[in-house]
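>>> sequence first, predicted model second:
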Amino acid sequence: MEHSCGLVTKNKEPVPLKSVEVDVHVQGHVATVTSTLLYVNGEERPLEAVFVFPLPGECAVCHLSAKIGDTEVVAKLQEKQKEQYDDALTSPFVEAREEYDDASSSFHQAFLLEESDQSPDVFQLNVGSLPPGESAAITLVYISELDMQADDALGFCLLAVLNPRYTPQDMDRSQMATVTSVPAGTVPYTLALSARLSSPQPISKVESNCDLEPLAYLNPDKTQATVSLSPGHLFDRDVELLLYYHDAHKPTAIVEAGLDTAEPGSLMGDPVVMLSLYPEFPAAVTSSRNMSGEFIFVVDRSGSMDCKMHTGKDAKMRIASAKDTLLLLLKSLPMGCYFNIYGFGSRYEHFFPKSVEYNQKTMDDALEKVKGMRADMGGTEILQPLKHIYSQPCIPSHPRQGASTALITGLAKEGSGHAQFITGTDRMQPKSSEHSEGSVTIQYNMKEDLIEEQLNFCLKPTQDTGVTLHRLGARTLIRSLEMEERAAGPEAKALREKLLQLSLQSGVSCTHTAFIAIHKGSGQTVQGPLLHRTVPTPG
């Protein structure tokens, strides 16, 4: 019998992950996040630890390393697993999964970080063959843009809760990552988070849904500051930081040089510019805008919703929690907008034949129907209701509203949204003199008035800026290519090769690549089969 020692789950199973330390470096509208996860094997046999956790859907994961004692092992990015085509792909890289499995079975310490095949905002970290009494500090780095909030704040979120994901009925569930959760407040590892802030404009304040230490300014003009979570924080929910800058609507530009080692004319070899343009609209315009919009709610009513959210004492049923959230959202809609509600399972149904105007009567009708919703629609098939929604014409002056990460980004593109990555002849020339300037002009109509804003900036980077923006650009292009590949037929092989090449050149992971690190240690044989430990996330 194995003895439970150290931190344990509610099932009394030891958890090898002891602490998470996060350093956030914010530059304007971009955050570079460095997370260090400390693993300790307090058991009497070697173990493999598996941690499935969420990351922002559009982030660029670009580094993995492990420190064992005084030895640091930096992971390499390589092809995750070869796909089978009529003519086999030729790749100079060893498959990451195969290399990890071989190393673990030989009792070499191995570390594998990969993006889920099912969802680009879920990652899995495998720590293989950790000997008894051994510790390992795993560091992963990702880059993410900050979200602009309605009150002009920039939002950063460190995700903790891994919510249930949609899985089509015909998906092979044996290939899916195993996700475990524990009730909020019982997560068996701690979190420490600190942030360094740097902005072209002064930083006015930082707010959070968690307790913070006071904001500390690092220079007289208040463009640099540090802030951290208060000691003893429990990692039982998502951590949100809201950053407020003076002159938030003032356009800014950050110029980043390319890599000297990269091929000239390539994404990583040319310089890039990140422009932040956030026009300010008069209150009269925004108030009328708030009354427009078409809000369509899609609710999972499959049999899987007929179970509890977690194993805690006061856990709600999933369908009850969804109904509570839907009721709250319905009561928060602006009068005069349009809305509809879809429920789906093996089939689907909608409250109204088409979206209706939001008023007291339609709200009351909808609230009554929500109360009668049950998890009684069989399987989980979301494609047909989405097809029906997007077959309906948009209502003039009422754009559809969406809220999600990776899924809605893809839906927005398919539903006539637009995302563009500028390259080729449109990109900035790689060579520029010290005094060269660039400019960008944005024009937009505000009712009958034409508004124009212009920003001039120096094309020469002011310092060694690294390749943060390049990797964000690579991630945008990777996401676009992944969507094309999923919809492609005979061209899928060529798109996959293009994805692999871009991912490996930029150092940013995609669905076909993974980070793999191996530490052979002392070479001594470790006796006994590996214990398997799954690290839980908050429920």
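Yes, it's here.

>>> helix, strand, or coil at G466?
Under DSSP: H, G, I helix; E, B strand; the rest coil, the three-state class of G466 is coil.

>>> hmm, it is touching E256, no?
Yes: between G466 and E256 there is a contact at 7.3 Å, judged by CB atoms under 8 Å. No exception for glycine: its C-beta is placed from N, CA and C like everyone else's.

>>> who has more neighbours out of these two?
E256 (21 against 15; other CB atoms under 10 Å).

>>> can you show me the helices along the chain?
Assigned by DSSP state H, the chain shows helices spanning 96-105, 283-290, 318-331, 360-371, 383-391, 406-414, 468-487, 492-506.

>>> most tightly surrounded among those?
Mean neighbours per residue, mean count of other CB atoms under 10 Å, is largest over the helices of the chain for helix 468-487, with a mean of 20.

>>> who are the packing partners of that one?
Applying 3 or more CB pairs under 8 Å, 6 or more residues apart in numbering; DSSP states H and E, we find helix 468-487 packed against strand 30-40, strand 60-68, strand 135-145, strand 252-256, strand 272-276, helix 406-414, helix 492-506.

>>> which of those has the lowest mean pLDDT?
Among these, helix 406-414 carries the lowest mean pLDDT, at a mean of 49.

>>> dump stretch 17-35 to CSV, restricted to CA.
Only the C-alpha atoms of stretch 17-35 are listed here, as CSV (Å, rounded to 0.1, in the frame of the first residue of the first chain):
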residue,chain,number,x,y,z
LEU,A,17,3.1,19.6,-7.8
LYS,A,18,3.9,21.6,-4.7
SER,A,19,3.9,25.2,-5.9
VAL,A,20,3.4,27.5,-8.9
GLU,A,21,5.4,30.8,-9.2
VAL,A,22,4.4,33.2,-11.9
ASP,A,23,6.3,36.2,-13.2
VAL,A,24,4.4,38.5,-15.6
HIS,A,25,6.3,41.2,-17.6
VAL,A,26,3.9,43.6,-19.2
GLN,A,27,5.1,45.9,-22.0
GLY,A,28,2.2,48.1,-23.1
HIS,A,29,-0.5,45.8,-24.4
VAL,A,30,1.6,42.5,-24.3
ALA,A,31,2.4,40.2,-21.4
THR,A,32,5.3,37.7,-21.3
VAL,A,33,4.4,35.1,-18.6
THR,A,34,7.0,32.9,-17.0
SER,A,35,5.5,30.1,-14.8
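
>>> give me the beta-bridge partners of Y245?
For Y245, the beta-bridge assignment (DSSP bridges) gives partners I203.

>>> same check on V227?
On the basis of DSSP bridges, V227 is bridged to A195.

>>> can you tell me which residues contact it?
Contacts were defined as CB atoms under 8 Å, 6 or more residues apart in numbering; by that measure V227 touches S194, A195, L197, V206, L212, E213, P214, L215, A216, L241.

>>> what of S292?
Each residue near S292 by CB under 8 Å, 6+ apart is listed here: G336, C337, S397, H398, P399.

>>> the same query, at a cut-off of 10 Å, please.
P334, G336, C337, Y338, I395, P396, S397, H398, P399, Q401 (CB atoms under 10 Å, 6 or more residues apart in numbering).

>>> which pLDDT value does the model give it?
On pLDDT, S292 comes in at 71.

>>> returning to that earlier point: could the helices and strands packed on helix 468-487 go into a markdown table alongside distance to H388?
Formatted as a markdown table, these follow (distance: least, CB to CB, whole Å):
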| stretch | distance to H388 |
| --- | --- |
| strand 30-40 | 38 |
| strand 60-68 | 34 |
| strand 135-145 | 32 |
| strand 252-256 | 42 |
| strand 272-276 | 38 |
| helix 406-414 | 13 |
| helix 492-506 | 27 |
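
>>> wait, which of those is closest to P188?
Nearest to P188 among these is strand 30-40; the distance by CB to CB comes to 12.0 Å.

>>> taking their axis directions, the closest one and strand 272-276 sit at what angle?
For strand 30-40 against strand 272-276, the angle by axes from the mean of the first three to the mean of the last three CA atoms, to 10 degrees is 100 degrees.

>>> report the inter-axis angle for strand 30-40 versus strand 252-256.
Inter-element angle recorded for strand 30-40 and strand 252-256: 60 degrees (by the same axes, to 10 degrees).

>>> sorry, back to before: where among the helices of the chain is average confidence lowest?
Of all the helices of the chain, the minimum mean pLDDT falls on helix 406-414 (a mean of 49).

>>> drop anything exposed from the contacts of V227.
Buried subset of the contacts of V227 (neighbour count, 16 or more other CB atoms under 10 Å): A195, L197, V206, L212, L215, L241.

>>> which of these lies closest to V30?
Set against V30, the nearest of the buried ones among the contacts of V227 by CB to CB is L197 (11.5 Å).

>>> quick one: that closest one and A248, what's the gap?
For L197, the distance to A248 equals 14 Å [CB to CB, to the nearest Å].

>>> what is in contact with these two at once?
Common neighbours of L197 and A248 (criterion: CB under 10 Å, 6+ apart): L154.

>>> need the nearest residue in space to the residue most central in space within the chain, chain neighbours excluded.
With distances taken as CA atoms, centre = their mean, the residue of the chain nearest its centroid is P56 (1.2 Å). The shortest distance from P56 to any non-neighbouring residue, by CB to CB, 6 or more residues apart in numbering, is to S144 (4.8 Å).

>>> can you pull up the bridge partners for the one you found?
When bridges are called by DSSP bridges, S144 pairs up with A31.

>>> looks like M268 contacts H470 (just checking).
Yes: at 5.5 Å, M268 counts as touching H470 under the criterion of CB atoms under 10 Å.

>>> any residues in contact with both of the two?
G258, L259, A262, S506, G507.

>>> top of these by neighbour count?
Counting neighbours by other CB under 10 Å, S506 leads the shared contacts of M268 and H470 with 26 neighbours.

>>> correct me, but P202 touches T223?
Yes: counting by CB under 10 Å, P202 touches T223, with 5.7 Å between them.
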